[in-house]
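1. kindly return the folded structure for what I paste below:
(one chain, ligands or ions: 1)
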Amino acid sequence: MELTGRPIASLGASDELVDRHRSWLEPHFLQAGNTWSLNFRSWVVRVDDLVIVIDPCNGNGRPNIMPMFDMLDIPYLERFEATGIRVEDVDYVFCTHFHHDHCGWNTQLRGGKWVPTFPNARYLFVQREYDRWHPDNAARFASLPYNDGVYERSIAPVVEAGLADLVMEPHRVSPSLAIEPGHGHTAGHCMMRLCSSDEEAVFAGDAIHHPLQLIDPTIKFGDHDDWGAVMETRRRLAADSLERSTLIIPAHLPFPHAGYVRTADMGMWFEAYAPMQA
Ligand SMILES: [Zn+2]
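-> Okay, here's the model as predicted:
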């Protein structure tokens, strides 16, 4: 899904900052009419003879107070299987966090019951994130009406089916993949690091929603459980990319969906990933 045409002012960046970085923001991250867009998708990683699904989107048939997510009927599974991978082939599912748009397809409705979508997968749930959304702990955290029912529909049925592995970050998944902390957006928000062929990438979830937030980590946008931790996570990501050419792959960037933090005369900037160079 794509949400286009948001005025760039809605991001909360100053006009001065946007103008200063216009040369690299355009055309992907600053679009016609000074707007920006958000994508909603999953990532599929094949490495170490494993198939890993990261952030299984919103899911179908779920009520949401936000109209664009309410009772969706999207051919997600058809599109997924068009990659040549069957849901039965998935070895791991990882949710960077438990907002509705990152864990929905953990489950699907079958015969009136929410059942795991990926029947042979281990679902890697970070304990700290699991605790953040467990109903027993509701009083300790901000309630987010757009996330009502997510635990019951997308998390609890996976645990009940015995497919959940509750892990502590950092957690190594395989020789090339590890879960690492990226706290703040939610209390247990984590990221997945991929090291392959001497290159590194981080699936950064919602640590940022727009690359300007790597340049200026104080650009807030949206709800965060721990705002101080968000800024710290963004600073760490930017430094990592700058120093080691780590590819940052957040959940919501429009095409080309990923990039690197670089330095130039203007200071830090974000170089959009050029897939053909890979
Ligand atoms: Zn999100």
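
2. list the contacts for Leu50?
-> Asp91, Tyr92, Val173, Ser174, Leu177 (CB atoms under 8 Å, 6 or more residues apart in numbering). C-beta here means a position set from N, CA and C on the backbone, and glycine is covered the same way.

3. quickly list what the fourth one is bridged to.
-> Think Ser174. Per DSSP bridges, the residues bridged to Ser174 are Leu177.

4. quick one, what contacts it?
-> For Ser174, the contacting residues are Val47, Asp48, Leu50, by CB under 8 Å, 6+ apart.

5. quick check on the contacts of Leu50: which are buried?
-> Neighbour-count burial (16 or more other CB atoms under 10 Å) is assigned, among the contacts of Leu50, to Asp91, Tyr92, Val173, Leu177.

6. please name the nearest non-neighbouring residue to the first one.
-> Put plainly, it is Asp91. Leu50 (4.5 Å; CB to CB, 6 or more residues apart in numbering).

7. list the beta-bridge partners for that neighbour.
-> For Leu50, the beta-bridge partners are Val47 (DSSP bridges).

8. could you check how far it is from the ion?
-> 24 Å (CB to the ion, to the nearest Å).

9. how about Pro135?
-> Applying CB to the ion, the value for Pro135 to the ion is 22 Å.

10. can you tell me what sits against the helix or strand Cys103 falls within?
-> Taking DSSP states H and E as the definition, one finds Cys103 inside helix 100-103. For helix 100-103, contacts defined as CB under 8 Å, 6+ apart pick out 40, 55-59, 62, 64, 69, 95-97, 146-147, 150, 154-155, 205-206, 251.

11. just those residues: which are in helices?
-> Using DSSP state H, the members of the contacts of helix 100-103 that fall in helices are Val150.

12. what's the local residue count around Arg262?
-> Other residues near Arg262 come to 13 when the count uses other CB atoms under 10 Å.

13. er, Arg172 I mean
-> By the other CB under 10 Å criterion, the neighbourhood of Arg172 contains 12 residues.

14. who are the contact partners of it?
-> Under the criterion of CB under 8 Å, 6+ apart, the neighbours of Arg172 are Ala178, Ile179.

15. and it, that one's in a helix?
-> No. Checked against DSSP: H, G, I helix; E, B strand; the rest coil, Arg172 lies outside a helix; its state is strand.

16. roughly how far does it sit from the ion?
-> Using CB to the ion, one obtains 25 Å as the distance from Arg172 to the ion.
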